[in-house]
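K.L.:
starting from these lines, generate the structure:
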Amino acid sequence: MIAALVFTVASLHMNDSRHYEQVNPGFGVEWTVDEITRAGTGAYRNSSGRLSVYGTVNREMGFGRFGVGLEVGAVTGYKWPVLPLAFPFVRASFGSWQVKVNVLPTKRPIVGVQVRKAV
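P.N.:
Numbers count the residues shown, from 1 in each chain. Below is the predicted model of the structure:
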């Protein structure tokens, strides 16, 4: 059963933002696997202006309205046909809405923002 609708919103490219699009609209869904694990898939317009499709699994430790976790998976639409993903995230809940901030720990870190709506 679908646990959440996911709306990809934006990204911030540290030290190199002028060459990339910072607004990255997209849509996805997440399913609950167990108490701390979710699987998800979706698509978004990436920072190079191309369509990216992703599939991920994340595990999260919750602390009341807040959570921290690790997400792994794969994404398309970049220099190589399919790229592996692995990144930490933090989450804040506001009723049935959540804001999730992903941090891609690359040479020039990328911070991504998603809004999730529990269903």
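
K.L.:
any low-confidence regions in this structure?
P.N.:
Under the criterion pLDDT under 70, the flagged ranges of the chain are 16-18.

K.L.:
what segments of it are strands?
P.N.:
2-13, 23-34, 37-45, 51-63, 66-76, 82-94, 97-104, 110-118 (DSSP state E).

K.L.:
give the other helices and strands that the shortest one contacts.
P.N.:
Read it as strand 97-104. strand 82-94, strand 110-118 (3 or more Cβ pairs under 8 Å, 6 or more residues apart in numbering; DSSP states H and E). Heads up, the C-betas are built off the backbone N, CA and C, glycines and all.

K.L.:
got it, and the third one?
P.N.:
When contacts are defined as 3+ Cβ pairs under 8 Å, 6+ apart, strand 37-45 packs onto strand 2-13, strand 23-34, strand 51-63.

K.L.:
mean neighbour count and distance to Gln114 added to these, as TSV?
P.N.:
Below are the helices and strands packed on strand 37-45 laid out as TSV (neighbours: other Cβ atoms under 10 Å; distance: least, Cβ to Cβ, whole Å):
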stretch	mean neighbour count	distance to Gln114
strand 2-13	18	5
strand 23-34	14	8
strand 51-63	16	11
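
K.L.:
Serialize those to CSV and add fields for distance to Lys79.
P.N.:
Below are the helices and strands packed on strand 37-45 laid out as CSV (distance: least, Cβ to Cβ, whole Å):
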stretch, distance to Lys79
strand 2-13, 15
strand 23-34, 17
strand 51-63, 12
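
K.L.:
what's the closest of those to Ala74?
P.N.:
Closest approach to Ala74 among the helices and strands packed on strand 37-45 (Cβ to Cβ): strand 51-63, 5.8 Å.
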